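1. sequence plus predicted model, see below.
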Amino acid sequence: MIVLGIETSCDETAASIIESKKKKILSNILYSQFKEHKDYGGVVPEIAFREHVKLIDKIILRALKKAKKKFKDIDVIAATGGPGLHGGLLIGTTIAKSISLSIDKPYIPINHLEGHILSPRIEYNLSFPYLALLVTGGHTMLVIAHKVGKYEILGMTLDDALGEAFDKTAKLLDIGFPGGPQIEKLAKKGSPSIELAQPLIRSNDCNFSFSGLKTSVLKIINSKKKKTDKFKSDVCCSFQYTVLNIIKKKCELGLQIFEKKYPNKKKNFVVVGGVASNNFIRKNLEKFTIINNSNLYVPEKSLCTDNAAMIAWVAVEKFKKNKKNNFDFQPLPNWHI
Ligand code: KG4
Ligand code: ZN
């Protein structure tokens, strides 16, 4: 089966072709709009919408060309239906429906979060159940993936998402957008010498909170008259250490819950979403999983940040069961898993 995946939920315009049997990504094309949004320090929905309109057809054609496929070779068209920005979702959904109509092949809407959660199964021979830490710019949650379509949320953020906390901290330090990669870069030169708040670290549940951490970064910045490069690096480094501590604490609890539910299963643990591309977090979670006797699966970096291959992949997983066309579907900006 050849699947065309389309992703337009935020500021990436992306298309991918997957060959299902060999689990092969034939193409994974992406245009990241960060240049268009960087002056605003965040994603501007109207700008994102216009960029998707401008680019989506070209990106799809490039994905086909790279995969050496024609429209007639496609068996299924999958597009992100939510959650995300309404304008972008409309573009992806509409073009997917149009292609579906013209080549008479089924269209299926895909939940973006499900795309992230199932993404490690493209590269790895990873079986269910597993515990997933989903850390993106819009969401942060700990989820048990019992099987395709059955997800149990153990906890989530009560305010900011982790990627958002990276972006906001970078904005406070005036080091650029998107914040995650910039913080990771500067942190390498710094030391974890600054104590920052660790919201909910002692609460005995899997919920997260990052707005207090952001406020404590703001206080430190305001208290310093001269914001030297050394100071900024130290803030970045301390921020990453603090985040890691919080993640480890919550994942430890998550693994305990997982173990109680599945005492005889391997403790498979995945980290997905844009923040999972952070090397410091990846390396330290490797150590964490060794100590906790669990197995870590993190997708390659291009599959952590938004991409269309993960959207096409959900169609591969789901299409086996449900071959129905979904023309009635309308984008769902707050679609839950
Ligand atoms: O999954 P994603 O690409 O899009 C959403 O679904 O939101 O995640 C984007 C988020 C942004 O907040 C970005 O700053 C963060 O992922 N991110 C990172 C890194 N690369 C991207 N955070 C920390 N370190 C990184 N290297
Ligand atoms: Zn995402």
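-> Done, it's in. Numbers count the residues shown, from 1 in each chain. Ligands and ions are numbered 1, 2, ... in the order given.
2. I'd like to know how far P331 sits from ligand 2.
-> According to C-beta to the ion, to the nearest Å, P331 and ligand 2 sit 15 Å apart. In short, each C-beta sits where N, CA and C put it, glycine included.
3. so that residue touches L89, yeah?
-> Yes - assessed by C-beta atoms under 8 Å, P331 is found in contact with L89 at 3.5 Å.
4. any chance you could map the strands in the protein?
-> Assigned by DSSP state E, the chain shows strands spanning 2-7, 12-19, 24-32, 76-82, 107-111, 130-135, 140-147, 150-156, 268-272, 295-297.
5. where along the protein do the helices fall?
-> In the chain, helices defined by DSSP state H lie at 34-37, 45-67, 86-103, 112-118, 120-123, 162-173, 179-187, 211-223, 229-261, 279-291, 301-304, 309-319, listed in chain order.
6. switch those helices over to a markdown table; also include mean pLDDT and distance to ligand 1.
-> Below are the helices of the chain laid out as a markdown table (pLDDT from 0 to 100; distance: least, C-beta to the nearest ligand atom, whole Å):
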| stretch | mean pLDDT | distance to ligand 1 |
| --- | --- | --- |
| helix 34-37 | 88 | 10 |
| helix 45-67 | 96 | 12 |
| helix 86-103 | 97 | 11 |
| helix 112-118 | 98 | 6 |
| helix 120-123 | 97 | 14 |
| helix 162-173 | 95 | 2 |
| helix 179-187 | 96 | 2 |
| helix 211-223 | 95 | 13 |
| helix 229-261 | 98 | 8 |
| helix 279-291 | 97 | 7 |
| helix 301-304 | 97 | 7 |
| helix 309-319 | 95 | 9 |
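7. will you turn the ones you listed into TSV that also has mean neighbour count?
-> What follows is the helices of the chain, written out as TSV (neighbours: other C-beta atoms under 10 Å):
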stretch	mean neighbour count
helix 34-37	14
helix 45-67	18
helix 86-103	20
helix 112-118	26
helix 120-123	21
helix 162-173	24
helix 179-187	21
helix 211-223	16
helix 229-261	19
helix 279-291	15
helix 301-304	18
helix 309-319	26
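8. what touches both of P331 and L89?
-> G81, G82 (C-beta atoms under 8 Å, 6 or more residues apart in numbering).
9. is any residue of stretch 127-142 near ligand 2?
-> Yes - residues of stretch 127-142 contacting ligand 2 under C-beta under 5 Å from the ion: T136.
10. I'd like the distance between the residue of the chain most remote from its centre and ligand 2.
-> Going by C-alpha atoms, centre = their mean, the residue of the chain most distant from its centre is K225, 36.1 Å out. Plainly put, K225 is 38 Å away from ligand 2 if you go by C-beta to the ion.
11. coming back round to it: between the strands of the chain, which gets nearest to P178?
-> strand 24-32 (8.8 Å; C-beta to C-beta).
12. send me that closest one as PDB with only the CA atoms.
-> The C-alpha trace of strand 24-32 is given here as PDB (Å, rounded to 0.1, in the frame of the first residue of the first chain):
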ATOM      1  CA  LYS A  24       9.600   2.400   4.000                       C
ATOM      2  CA  ILE A  25       9.500   6.200   4.000                       C
ATOM      3  CA  LEU A  26       9.900   6.900   0.200                       C
ATOM      4  CA  SER A  27       9.900  10.700   0.800                       C
ATOM      5  CA  ASN A  28       9.400  13.100   3.700                       C
ATOM      6  CA  ILE A  29       9.300  16.700   2.400                       C
ATOM      7  CA  LEU A  30       8.900  19.600   4.700                       C
ATOM      8  CA  TYR A  31       9.000  23.400   4.600                       C
ATOM      9  CA  SER A  32       9.400  24.900   8.000                       C
END
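13. tell me the contacts of G88?
-> Listed by C-beta under 8 Å, 6+ apart, the contact partners of G88 are T8, S9, C10, P45, A48, F49, H52.
14. which residue ranges make up each domain of the protein?
-> For the chain, automatic domain parsing gives the domain ranges 2-118+303-321, 127-298.
15. what about the last one, how long is it end to end?
-> It refers to domain 127-298. One end of domain 127-298 sits 14 Å from the other (C-alpha to C-alpha, to the nearest Å).
16. now do the phi/psi pair for the closest residue to ligand 2 within the stretch 201-337 of the chain.
-> The minimum distance from the stretch 201-337 of the chain to ligand 2, using C-beta to the ion, falls at D306 (4.3 Å). Main-chain torsions, D306, degrees, to the nearest 10: phi -60, psi 140.
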